[in-house]
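Colleague: Turn this into a model:
(chains A and B)
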Amino acid sequence: MHPVLKLITQRIALGILLLLAASVLIFVGTQILPGDVAQAILGQSATPLAVANLRKAMGLNDPAYVRYFHWLFAAMHGDLGHSLTNGADVATDMTGRMLNTLFLAGTAAVIAVPTAILLGLIAVRYQGRWPDKVITGVTLATVSVPEFLLGYILMFFFAVKFRVAPSVAMINESMSLGAKLHAIMLPVAVMVLVVLGHMMRMTRAAILNVMQSAYIETAELKGVRPFLVIFRHAFPNAISPVVNVVMINLAYLVVGVVVVEVVFVYPGMGQYLVDHVAKRDVPVVQACGLVFAAVYILLNMLADVISILANPRLRHPK
Amino acid sequence: MLLEIRNLQIGATVHPPGEPSRDIVIVDGVSLTLEKGRVLGLIGESGAGKSTIGLSPMAYGRGGVRITGGEILLNGRDIRKAGPAGLRDLRGREVTYVAQSAAAAFNPAKKLMEQVIETTLLHGLASRSEAEARAIKLFGKLGLPNPETIGNRFPHQVSGGQLQRVMTAMALCPQPELVIFDEPTTALDVTTQIEVLAAIKEAIRDTGVAALYITHDLAVVAQVSDEIMVLRSGKMVEYGPVQQIIEAPREEYTRALVSVRSIEHEEKTPVGEPVLAVKGITARYRGTHFDVLKRVTVDLRPGQTLAVVGESGSGKSTLARVITGLLPPRAGTIRFAGRTLSADLAGRSKDDLRELQMIYQMADVAMNPRHTVGTIIGRPLEFYFGLTGEAKRKRVQELLDEIEMGAGFIDRYPAELSGGQKQRVCIARALAAKPKLIICDEVTSALDPLVADGILKLLLSLQKREGVAYLFITHDLATVKAIADSIAVMYRGEVVRYGTKSDVLAPPFDDYTDLLLSSVPEMKIGWLEEVIAHRKMESAGN
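Modeller: This next block holds a predicted model:
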């Protein structure tokens, strides 16, 4: 077997193992929450007999590991259970929410990733001079401001003062792509500002590290233009660390921006999760946890695979 | 006149920790001229400023180095007035560069062909297909295997010697007027060096390009240059035709360079019980499937020196790892001072460890930069003999005297020492344990010839006084001749020739020893052609 294929297979196997471990943690976590699910469903006024019957019907008297495997087995078949509060099928409910979140995160990523890398390249080109200082300073500032505050600031200026963007990012299936993009302008802007700094700084640091290499001197002595030296000779050798930080930020865009969704009342996963945590809707919380864990693991696995593929020593062994 | 440098001044600003920044002079008042098609050798020890001068026709300074005065006339115009765009235009078109370590100078993420033709395309000198055709022709001329397809490989997929030739092709591809060779063969094995050297010489002759050839090895530069400039501490010492420099040097310093390696060492006959007896050692690294050492058997008598010679990959450093217990062998035994040593480090007694010391090639990474010389040498005194306080300090001073460094160094840090002094401190540290055997792993390879000479003399005099035995690992045959009592020649994990120095170095030779011996550059014009004509065997590096 080609060594690259072997490495990638290892990574995927490891990813699956990690996801299983995460599912155990999520299950255990929701089990040790205080309170009884049957009691929660039936309310404070339920008779003890009714609660006992419901517990039996829901299989809550089974040992924990039996319940875990029931849950896991069902989840693997796409059955994430039913919401305790409205009885709706969690999988169906979540699909639409997930697509919305991916749309928002995807739009933010499409803007943030190339911008971050380009800014990183520019910062290296003018290292220690004013473009570098401006880029580093501004991105540090946007990273440091909490996202909800950033959200409200943008809302104040662009929705209230200049009236160029809606303050509430409501979208639905009947809207055209253009209308949807217009609706999510502000949350996208917030998310871009939040992840830009981290990615840009890592790109800058990774490339600066490579700039010390002898082959950079070779390129300079060939008469290659400074920006081209960075782009053509330094950047390809800095891909691995850059991809890793990009993927962590993409994962953050999907699972970490709950607050942004809530601020802009966006119908995505974040809002969905927050709503149901408040109602102690255990199946929904478990399902969200599982999906978020899967996204994190998948993106990091992807980062590993890209890093492996970007290494010519692994791709083309001797 | 292609290149004329007048009264060149090069300086840099240094920022020593804890002190104010200050300007230093690296090159002071050097002038030279170079006509089309001629080769000028720049020679000197490290710090002589030869690389800095070599890069000046491209107006390039490494780090904070900058040209502060003088004129650099390339084809009649002063390139100091060219400006950034003018310099980019000249770099890679009129002047190209071949670096010391091609392995580091190639971009690991790009195919060789892409890098070789980059300059040609960048300056619009030819179309892509023309440039590739040129490159393939050069690959062939430089004796690279499969010239048609080698360009599709990545740098890590070809050997060091081949890479150095590809780099030469890269420099010649845009058909420049001047090529700067900066120690192009220094990082190579001796048998590979000579092939690369021959290829470079032929390419220079065939293309009619002018060259600056930078090296610290006078014998090497004598093979390729028309003229030689000897440099020391940024100043010119002597400048003249090759023949005059080698056969009739005028300056004291040049004479020292020419006659370096003049150590007289009387070979000792192997008598007495061996202090070290290595028997049938076979070893391989974890996770690999071939033996790096195959049935290696050698003996070493007390107070004598066994030199282990071979090229990189021959297994000589692995042998040191096995003897020190870092790599337990798959088969074989090691007897040391009359007892059998445990195969792995954990099973060895404190006395085993004490009596078997090591000195390394890179003295500066073998010392903790935050420890003073006193702490470094005092550590084994404390560890093995429990010396502390005044007793320890007194013994450290004795050891410093033994390595001819004086007590003034006791509170200095490694960063404040020269390369030779650092290696001396490492010798003192090994000596502090009162060992019976010291393994010296390429201890002079990173040093300039004159400094290396001093270290070898010190080692010999210490041996006489302390009766310590040396296992001396090296790839340099001149060093072997200077210091060894017996020699083991290693090739691909096996000892191919073993005996007393006079036996091993006397004909008839086996093919490999012959190749190795004949590859050592001699200070003689025309030596290279003679050797190439008489080769029996290809080098292992290719």
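
Colleague: in stretch A:160-167, what's buried?
Modeller: A:A165, A:P166, A:S167 (16 or more other Cβ atoms under 10 Å in any protein chain shown). Quick note: C-beta positions are derived from backbone N, CA and C, even for glycine.

Colleague: Check stretch A:209-218 too.
Modeller: A:V210, A:M211, A:S213, A:Y215, A:I216, A:E217, A:T218.

Colleague: just these that are near chain B?
Modeller: Applying Cβ under 8 Å from any Cβ of the partner chain to these, one finds that A:S213, A:Y215, A:E217, A:T218 fall near chain B.

Colleague: Which ones among the residues you listed map onto helices?
Modeller: A:Y215, A:E217, A:T218 (DSSP state H).

Colleague: before we move on, the earlier item: grab the two from the ones next to chain B among the buried residues of stretch A:209-218 that are most spread out in space.
Modeller: Maximum pairwise distance among those (Cβ to Cβ): 8.9 Å, between A:S213 and A:T218.

Colleague: Please tell me the pLDDT value assigned to residue 256.
Modeller: By default, I'm working from chain A. Among the per-residue scores, A:G256 holds a pLDDT of 74.

Colleague: try chain B instead
Modeller: B:A256 carries a pLDDT value of 83.

Colleague: Can you tell me the closest non-neighbouring residue to it?
Modeller: Spatial nearest neighbour of B:A256, chain neighbours left out: B:L450 (6.2 Å); criterion: Cβ to Cβ, 6 or more residues apart in numbering or on different chains.

Colleague: tally of neighbours for the one you found?
Modeller: 14 (other Cβ atoms under 10 Å in any protein chain shown).

Colleague: and if you look at B:L459?
Modeller: By other Cβ under 10 Å, the residues close to B:L459 number 23.

Colleague: does B:L400 really touch B:T372, like I thought?
Modeller: No: B:L400 is beyond contact range of B:T372, at 11.8 Å (criterion: Cβ atoms under 8 Å).

Colleague: Mutual contacts of these two, please.
Modeller: Common contacts of B:L400 and B:T372 (Cβ atoms under 8 Å, 6 or more residues apart in numbering or on different chains): B:I410.

Colleague: Compare those two and say which is more crowded by neighbours.
Modeller: Set B:L400 next to B:T372 and count neighbours by other Cβ under 10 Å: B:L400 wins out with 21 against 17.

Colleague: buried sites along stretch A:17-36?
Modeller: Quick answer for stretch A:17-36 (16+ other Cβ under 10 Å): A:L18, A:L19, A:A22, A:S23, A:I26, A:F27, A:T30.

Colleague: Give the closest residue to residue 194 in space, chain neighbours not counted.
Modeller: Here I'm looking at chain A. A:E147 (5.1 Å).

Colleague: my bad, chain B
Modeller: B:S519 (4.9 Å).

Colleague: quick one: least confident of the ones next to chain B among the buried residues of stretch A:209-218?
Modeller: Lowest pLDDT of those: A:S213, 90.

Colleague: Local confidence estimate at the closest residue to that one other than its chain neighbours?
Modeller: Nearest residue to A:S213, sequence neighbours excluded (Cβ to Cβ, 6+ apart): B:A104, at 6.9 Å. Note for B:A104: predicted pLDDT of 89.

Colleague: and B:A104, how many neighbours?
Modeller: By other Cβ under 10 Å, 16 other residues sit near B:A104.

Colleague: B:G287 too?
Modeller: Using other Cβ under 10 Å, B:G287 has 5 neighbouring residues.

Colleague: B:G325 too?
Modeller: Neighbours around B:G325, by other Cβ under 10 Å: 20.

Colleague: Which residue is the nearest non-sequential neighbour of it?
Modeller: B:L345 (3.8 Å).

Colleague: Could you pull up the residues touching that neighbour?
Modeller: Residues near B:L345 by Cβ under 8 Å, 6+ apart: B:T324, B:G325, B:L326.

Colleague: ok, the residue nearest to A:S213 - contacts?
Modeller: For B:A104, the residues meeting the contact criterion (Cβ under 8 Å, 6+ apart) are A:S213, A:A214, A:Y215.
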